[in-house]
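>>> Here's a sequence, model it:
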Amino acid sequence: MAVVRFGSWHCAQGALELLDWVHGVVVSAQGVTGVYRPTVDSLEVRSEAIPLWVIIVAVVFFPVGLLALLVKEHMVMLIRVPPNLSGGCDIFISGSGSNQLIEAVTYIYNQTKVPDPSSL
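Residues are numbered from 1 along each chain as shown. Below is the predicted model of the structure:
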């Protein structure tokens, strides 16, 4: 199942070091088929998943329905990490990905989010 994720937040880390760490986290997510670096400050993550309807068709129409398992949903997520004037960087995420990729992005968010001073 694909989940669409859009968001941005500020980080205290340097952009290039953070992008290298993010690359390592998303590469380990299940369902990721490729990670590309189209620009110096961004990653393009491609992932695939088997949609729920495919599993239902495979079970209901067994054994012919097993051919449905050849269907995969392909998704692309763009992660940009440009530096900002305060010495840190911002992370911008758009696109969709497998559930495991979304879990990896949530982990990245939880590890890098700088608390908003107005909420303290």
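
>>> Please make it C-alpha for all contacts and neighbour counts, starting now.
Will do.

>>> List the buried residues in the one helix or strand Y109 maps to.
Secondary-structure assignment from DSSP states H and E places Y109 in helix 99-112. Neighbour-count burial for helix 99-112 flags 99-102, 104-105, 108-109, 112 (criterion: 16 or more other C-alpha atoms under 10 Å).

>>> where does this protein dip in pLDDT?
Per-residue confidence for the chain (pLDDT under 70) gives these ranges: 1-6, 114-120.

>>> Next, name the residue at the spatial heart of it.
Taking C-alpha atoms, centre = their mean as the criterion, L101 is the residue nearest the geometric centre of the chain, at 4.4 Å.

>>> where does the closest residue in space to it that isn't next to it in sequence land in three-state SS?
Take L101 and drop its neighbours on the chain: the residue closest to it by C-alpha to C-alpha, 6 or more residues apart in numbering is A29, 5.5 Å away. Counting by DSSP: H, G, I helix; E, B strand; the rest coil, the backbone at A29 sits in coil.
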